[in-house]
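S.K.: model the following, please.
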Amino acid sequence: MPAGRLTHQDRQYIAARLAEGTAYAEIARRLAKPTSTISREVNRNGGPRRYRPDLAQQATAARSRRRPGRTPAPAAESGSTHGRDPQAVRQLEERLTAMMAQTGLSSMASRVLTRLFTDDTAKLTAAELTSRLRVSPASVSKAVGDLERQGFLRRERDPHQRRDCYVVDDDVWIRAWLASARMNLLLAETARQGAHTLGTHTPAGARLRDTSEFLDHLNRDMTQAAEHWRRSRQPAGAPGSTPGPGSHAGQDGDARTGFAPDAPIAAI
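M.R.: Predicted coordinates for the structure are as follows:
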């Protein structure tokens, strides 16, 4: 949809942030929208105190019906739909996007990640994302940049189209999990240094010491969980493997995670 167009999920997010007293500019930043779009949306639908997302959505739909020809046609998609119900697919995408947004991703980053994750190829160009989401190229560029930095997707060159593609790998969640574990380790080390600086006999120093110990413990648990998953994906009989349903990796490592079968995940 156009860059300024708001979805029902966007309106629900706006209502939640207004209830917290969040400024229009911050809401706009999180939704990757112009601040004027947010202020116009709120002011035309009751103002900050009376804004209701469901009513705002209904009012927008009514205005669209009164202006025939203004609603863009859905972008055509290539590939087989496998007999899926389009309405059910849209509802699934809305639920996934909402859940991803609750993890802290921006609305646009959540939409891009959902679009890639629910596409059978898991690979789309920036132009395809722009067309299918009906947003501006700038919105897509910012979203994919954020997702790439967080390890949720990677960029690869398509030799046929001579354009960059954005790809979501099957092991995206375990990679994000391990990236989170690495961040916990860095935080633990910083807290440990802070405890020594302040003195562990002081209340502030003891607080930082406890924080570092908790994060160290959490990091070990997360690393062990990743190792357990890796082993569960190995074929029976592989070195260090334990039988697990759906195992299909070869001797050189899991085709999706890239972990070598006999190389445990080191403490991050």
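S.K.: what's the end-to-end length of stretch 163-179?
M.R.: Terminal residues of stretch 163-179 lie 28 Å apart, using CA to CA, to the nearest Å.
S.K.: and for that stretch, what's in contact with it?
M.R.: 112-113, 116-117, 122-127, 129, 144, 147-148, 150-158, 222-223, 225-226, 229-230, 254, 256-258, 265, 268 (CB atoms under 8 Å, 6 or more residues apart in numbering). Quick note: C-beta positions are derived from backbone N, CA and C, even for glycine.
S.K.: do the same with stretch 199-209
M.R.: Contacts for stretch 199-209 (CB under 8 Å, 6+ apart): Ala191, Arg192, Gly194, Ala195, His196, Thr197, Leu198.
S.K.: can I get those residues in TSV with secondary structure, neighbour count and pLDDT?
M.R.: Formatted as TSV, the contacts of stretch 199-209 follow (DSSP: H, G, I helix; E, B strand; the rest coil; neighbours: other CB atoms under 10 Å; pLDDT from 0 to 100):
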residue	secondary structure	neighbour count	pLDDT
Ala191	helix	19	93
Arg192	helix	18	94
Gly194	helix	16	94
Ala195	helix	21	93
His196	helix	12	93
Thr197	helix	10	94
Leu198	helix	16	94
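S.K.: let me know the closest of the residues you listed to Ala138.
M.R.: Set against Ala138, the nearest of the contacts of stretch 199-209 by CB to CB is Ala191 (37.9 Å).
S.K.: looking at the contacts of stretch 199-209, spot the one nearest Leu215.
M.R.: The closest of the contacts of stretch 199-209, once distances to Leu215 are taken by CB to CB, is Ala191, at 6.7 Å.
S.K.: excluding chain neighbours, what is closest to the closest one?
M.R.: Ser212 (3.9 Å; CB to CB, 6 or more residues apart in numbering).
S.K.: re earlier: switch the contacts of stretch 199-209 over to CSV; also include distance to Arg175.
M.R.: Shown next, in CSV, are the contacts of stretch 199-209 (distance: CB to CB, whole Å):
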residue, distance to Arg175
Ala191, 25
Arg192, 26
Gly194, 29
Ala195, 31
His196, 32
Thr197, 33
Leu198, 35
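S.K.: residues making contact with stretch 11-31?
M.R.: By CB under 8 Å, 6+ apart, stretch 11-31 touches 6, 10, 34-35, 37-39, 41-42, 48, 51-54, 56-57, 98, 101, 106-108.
S.K.: so which residues of this protein form strands?
M.R.: Assigned by DSSP state E, the strands in the chain fall at 123-125, 154-158, 163-167.
S.K.: partner strands of the first one and their direction?
M.R.: Each strand pairing with strand 123-125, determined using DSSP bridges, is listed with its direction: strand 163-167 (antiparallel).
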